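Visitor: build me a structure from this.
(3 chains)
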Amino acid sequence: MSAAREDAPLRCEGLARSFGGLQAVAGVSLALPAGQVTALVGPNGAGKTTLFNLITGNLRADAGAAWVRGRPITGLKPWQVARLGVARSFQDLRLFTHMTVRDNVLAATERSAWFWQPGGAAGRKRRQAAAEAALEATGLAALAGARAIDLAYAERKFLSLARILAAEADIWLLDEPASGLDPASRTRFAELLRAATGRGVAICLIEHNLDVVAELSDRIAFLDQGRVIAEGDPRSILRDPALAAIYFGDRHEPATAAAETTA
Amino acid sequence: MLFLQLLLNGLQTGAIYALTAAGFALIFGATRIFHFAHGTAFTLAGYAYLFAWRAGWPGWVGALIAVAVATLFGMAMERFVYRPIQRHEGSFFTVFVAAFGVGIVVQNLVGMFAGRGLATVDTRLSFATEVMPEIFVAPILWIAIATAAVLFAALTVFLTRTHAGVALRALAQNPDLIRTYGLSANGISVLAFAIGSALAAPAAIVTAMTSGLNEAIGHHVMLISIAATIVGGIGSLRGAALAGLMLGVAESLALQFVDTQWAEAVSFLALFAFILFRPSGIFGVAMAR
Amino acid sequence: MIAYLSNLATQLAIFGILAATLNFIVGYAGIFSIAHAVFFGLGAYAGAQIALLLVPDVVLACLFAAAIAGGLSLCLALPALRVRGEYFVAASLGLQMVAVTLFAELKPLTGGIGGLVGIPLPTLFGVPVGVLPVALAALALVLLATALLARGAFGRTLTAIRDAESAAEALGKNVAAAKTLAVGFACAGAGVAGALYALHTSFVNVESFTMEYSVLVMAMVIIGGTGTLWGPLIGTVILLSLPAGLAFLPFIPPSEVGAIQQILYGLAMTLLMIFRPAGLVGDLSRGRATA
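Guide: Numbering: from 1, shown residues only, chains lettered A, B, ... in the order given. As a prediction, this is how the structure comes out:
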């Protein structure tokens, strides 16, 4: 296990952050293995999105550290973390609303903020190809000229995913990417994730629907009150009655539940 | 001695700033509208009082007219400018440009009909007497401070003790709560504009009696209100009022070190510094943006 | 008549540059600056000093003005990096007010309230030259640059930042660098306009760099339509020909032409925002961008 942790594309140790008196994330250690989907599960307010924000540098950690392929990323700015190959989606999507679908995706391929992008004409061709491929894969090719703000709900979710695809990152942090999707869209979404893990992408996703978690994830990390209280394969975690009690808000003995499952 | 004199002058300016800033902060706190035409309400109230005085009407009539003009202006802005813009999801900038346009129109209309340049109301109240060696104080100083204190106390009572006041404070955070009180969000929004704008009137009257009005004074008032609201911390009425008072005193005390023309720059330097280094203001909690 | 038209055309070109560069940061980057006249002024003083102290070479004056205005644009870029929305507008207003005081008081550099007088007629590599052709060339260059920047990756970056800053950052965009560059480009452009203005009028003082002028340029951009190439130019033509047009109306006393003009454009700003927030040229949904 520890060897696997060292090799993991993304790893964090003891990440902690409090807001005022509230300990939102209280020492989380986690490794995302390549080619696997790790689901972050836990009741509302467990600190899942905060954990993402700590990893990507949107929030500064009070304690702890994180590494991308062994390289420390603590203290880096969000765009620097992104350029190391960490792509993330947001619960509220944050699309570039007044740009076309194609421009949304193209923007994801262009890293530099300068007037000119590296790579010249060949680079531009490659970026355009990556953008078209991402549009194709997410089924948005026909809508490439539409503005993001005019898309339907599911289309918006796929556009947010297309940006990540086009960014060619090998670590994905997805915040509720499947919520509200109809079954057909969910199938397409699952295929996209499979294809990505097949290429060795390490994926971490936050998800509330436990059916979706069971269907998509290879591993589960169960977060409660800012701590990972259980980690393991989906079947054993989802069957654990103590965790179910916490998840569904029937909180009796969280301390013992944590002790038993992590043991 | 100069210091004490400047401090007293500063308190008078500060009381005026505090009133206008509190009005601006009240409107912003309740409606989340950055009311850039707040200075225009001030201009209109000041000139309304000036006209009443020129017509020879008693002071209290002029004051009532000034308050009425400011209040009506605020309500009209809410009803005819901000509400239609917010209906089509106008961004803050749409709101800003529209309000700014109104400010330009009023400034030029006032210039055309009331004359351009300095205009003051002469009154015995602004006649300063030597109360201590080298210290000159006019009755208007005490009037300004007392008015600000009384109005602020009344405002606090209104906001904490009455249904409408509580609803006003709740509007920004929880519009549903308003409905449980049996009030409409639109109604509360109009109320916020009415009260916020009315607060500009006493400040305008005192200004007319002391340093005087000019048609472009609205810009200055608006900027001071914004500066005080940001320095005080957005969302804090008390912070805005206190910051207004502090800016007034700071501008006045700065005169001990710099020439008059720099005094105004003091407020804007404070504003600029706060935005750069502490955008949440003195009393504000961390802001969302 | 020729002189009158040539003067009007020069003014149009100069304000066209101001409107086009302001539009670049307002329309694409969502940076709503009410301090554009500050950088216009910086360029004007810089250009005037070059002409007075060194040579009245128009290209040299423009380059120096662009460098000064572009360099000091950090004063505007810093708040743009820290805050957004109303806060930034407030910061730019504060900057505008402080700058006017500085312009009026720093006599050795700006000539104080009296301004700088007797700026020599412009030359180009020693040959006397009119400001109009240079101004038109500069306008064309600015428009070309704006169009190229706005259509390419840089424009996409800026629009992405405008629409969702955190998402742009999460995709690896260095937001601070992009904003600083955009502001620097726009302010350098305003500086060039300032240098041309100084050489054109051969006299500059603080009156031309007040908040009223910042708002006038903003009105040009808004009325024409933000985020479009031609909108700001159309706005410039409308607002600059307004006083000329009003002067021909017999029932308006000449002393009130300025006030009537301001009332008209104030009204236009308010009514447009209520009924057509994208401006005359802009496509409608763009104007609804939430900042």
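
Visitor: residue C:105 reaches residue C:112, doesn't it?
Guide: Yes - Residue C:105 is within contact range of residue C:112, at 6.7 Å (criterion: CB atoms under 8 Å). Using the backbone N, CA and C atoms, a C-beta is placed for each residue, glycine as well.

Visitor: which residues touch the lowest-mean-pLDDT helix or strand in chain B?
Guide: In chain B, no helix or strand scores lower on mean pLDDT, DSSP states H and E than helix B:175-180, which sits at a mean of 70. By CB atoms under 8 Å, 6 or more residues apart in numbering or on different chains, the surrounding residues in contact with helix B:175-180 are B:167, B:170-171, B:184-185, B:188.

Visitor: helices of chain A, start to end?
Guide: Taking DSSP state H as the test, the helices found in chain A are A:2-7, A:48-56, A:78-83, A:101-109, A:120-137, A:153-166, A:183-198, A:210-216, A:234-239, A:241-247, A:254-262.

Visitor: swap in the stretch 101-250 of chain B?
Guide: Here the stretch 101-250 of chain B has its helices, by DSSP state H, counting those that start in this stretch, at B:139-161, B:163-170, B:175-180, B:185-198, B:200-209, B:217-232, B:237-253.

Visitor: at the contact with chain C, which residues of the stretch 1-150 of chain A appear?
Guide: A:56, A:58, A:77-79, A:82-83, A:87-88, A:90, A:94-99, A:103-104, A:106-108, A:110-117, A:147, A:149 (CB under 8 Å from any CB of the partner chain).

Visitor: before we move on, the earlier item: comparing the helices of the stretch 101-250 of chain B by mean pLDDT, which bottoms out?
Guide: Per-stretch mean pLDDT for the helices of the stretch 101-250 of chain B is lowest at helix B:175-180 (a mean of 70).

Visitor: output it as CSV - backbone C-alpha positions only.
Guide: Coordinates of the C-alpha atoms in helix B:175-180 are reproduced here as CSV (Å, rounded to 0.1, in the frame of the first residue of the first chain):
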residue,chain,number,x,y,z
PRO,B,175,-36.0,36.8,0.6
ASP,B,176,-38.3,33.9,1.8
LEU,B,177,-38.3,35.3,5.3
ILE,B,178,-39.8,38.5,4.0
ARG,B,179,-42.8,36.6,2.7
THR,B,180,-43.4,35.0,6.1
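
Visitor: what residues sit buried inside it?
Guide: residue B:178 (16 or more other CB atoms under 10 Å in any protein chain shown).

Visitor: now it, how far from the chain's geometric center?
Guide: 28 Å (CA atoms, centre = their mean, to the nearest Å).

Visitor: can you check stretch A:18-29 too?
Guide: 20 Å.

Visitor: buried stuff in it?
Guide: Buried residues in stretch A:18-29 (16+ other CB under 10 Å): A:23-29.

Visitor: closest one of the residues you listed to residue C:270?
Guide: residue A:24 (44.8 Å; CB to CB).

Visitor: rewinding a little: among the contacts of helix B:175-180, which ones are buried?
Guide: Buried among the contacts of helix B:175-180 (16+ other CB under 10 Å): B:167, B:170-171, B:188.

Visitor: returning to that earlier point: tell me which of the helices of chain A sits most buried.
Guide: helix A:101-109 (a mean of 26; mean count of other CB atoms under 10 Å in any protein chain shown).

Visitor: what secondary structure does residue C:259 sit in?
Guide: The local conformation at residue C:259, judged by DSSP: H, G, I helix; E, B strand; the rest coil, is helix.

Visitor: can you tell me the closest non-neighbouring residue to it?
Guide: In space, and not counting its chain neighbours, residue C:259 is closest to residue B:108: 4.2 Å by CB to CB, 6 or more residues apart in numbering or on different chains.

Visitor: which one, of the helices of the stretch 101-250 of chain B, ends up nearest to residue A:190?
Guide: helix B:175-180 (37.8 Å).

Visitor: which residues touch the residue nearest to residue C:259?
Guide: Counting by CB under 8 Å, 6+ apart, residue B:108 makes contact with B:215, C:259-260, C:262-263, C:266.

Visitor: repeat the analysis, applying 7 Å as the threshold.
Guide: Contact analysis of residue B:108 by CB atoms under 7 Å, 6 or more residues apart in numbering or on different chains lists C:259, C:262-263.

Visitor: which of these ranks first by neighbour count?
Guide: Neighbour counts for the contacts of residue B:108 peak at residue C:262, which has 23 neighbours (criterion: other CB atoms under 10 Å in any protein chain shown).

Visitor: helix or strand for residue B:75, which one?
Guide: helix B:59-77 (DSSP states H and E).

Visitor: after that helix comes which helix or strand?
Guide: Counting by DSSP H and E, what follows helix B:59-77 is helix B:83-87.

Visitor: so residue B:228 sits against residue B:17, correct?
Guide: Yes - here residue B:228 reaches residue B:17: they are 5.9 Å apart, a contact under CB atoms under 7 Å.

Visitor: what is the mean pLDDT for the host helix or strand of residue B:274?
Guide: Using DSSP H and E, residue B:274 maps to helix B:260-277. Averaging pLDDT along helix B:260-277 yields 81.

Visitor: what sits up against it?
Guide: B:223-224, B:227, B:230-231, B:247, B:250-251, B:254-255, B:281, C:78-79, C:82-83, C:87, C:90-91, C:94-95, C:97-98, C:101, C:104-105.

Visitor: burial of the residue lying closest to residue A:11 once chain neighbours are set aside, as a residue count?
Guide: Closest residue in space to residue A:11, ignoring its immediate chain neighbours: residue A:31 at 4.4 Å, by CB to CB, 6+ apart. Close neighbours of residue A:31, defined as other CB under 10 Å, add up to 22.

Visitor: what separates residue A:31 from residue A:42, distance-wise?
Guide: Note on residue A:31: its distance to residue A:42, by CB to CB, to the nearest Å, is 18 Å.

Visitor: now residue A:186
Guide: 21 Å.

Visitor: same question, residue A:127
Guide: Separation of residue A:127 from residue A:42 (CB to CB): 37 Å.

Visitor: re the thing from before, buried ones in the helix holding residue B:274?
Guide: B:262-272, B:274-275.

Visitor: likewise stretch B:180-193?
Guide: B:183, B:188-193.

Visitor: and which of those is nearest residue A:227?
Guide: Closest to residue A:227, out of all of those and judged by CB to CB, is residue B:188, at 43.0 Å.

Visitor: what about residue B:157, how many residues nearby?
Guide: 11.

Visitor: just give the closest residue to it, not the sequence neighbours.
Guide: Per CB to CB, 6+ apart, closest to residue B:157 is residue B:165, 7.9 Å.

Visitor: what number of residues lie near the one you found?
Guide: Residue B:165 has 18 nearby residues by other CB under 10 Å.

Visitor: what does stretch C:214-229 rub up against?
Guide: B:97, B:100, C:15, C:18-19, C:22-23, C:26-28, C:34-37, C:96, C:143, C:146-147, C:231-236, C:238-239, C:265, C:268-269, C:272, C:278-282, C:286.

Visitor: try 6 Å
Guide: B:97, C:18-19, C:22-23, C:26-27, C:34-37, C:96, C:147, C:231-232, C:234-236, C:239, C:265, C:268-269, C:278-282, C:286 (CB atoms under 6 Å, 6 or more residues apart in numbering or on different chains).
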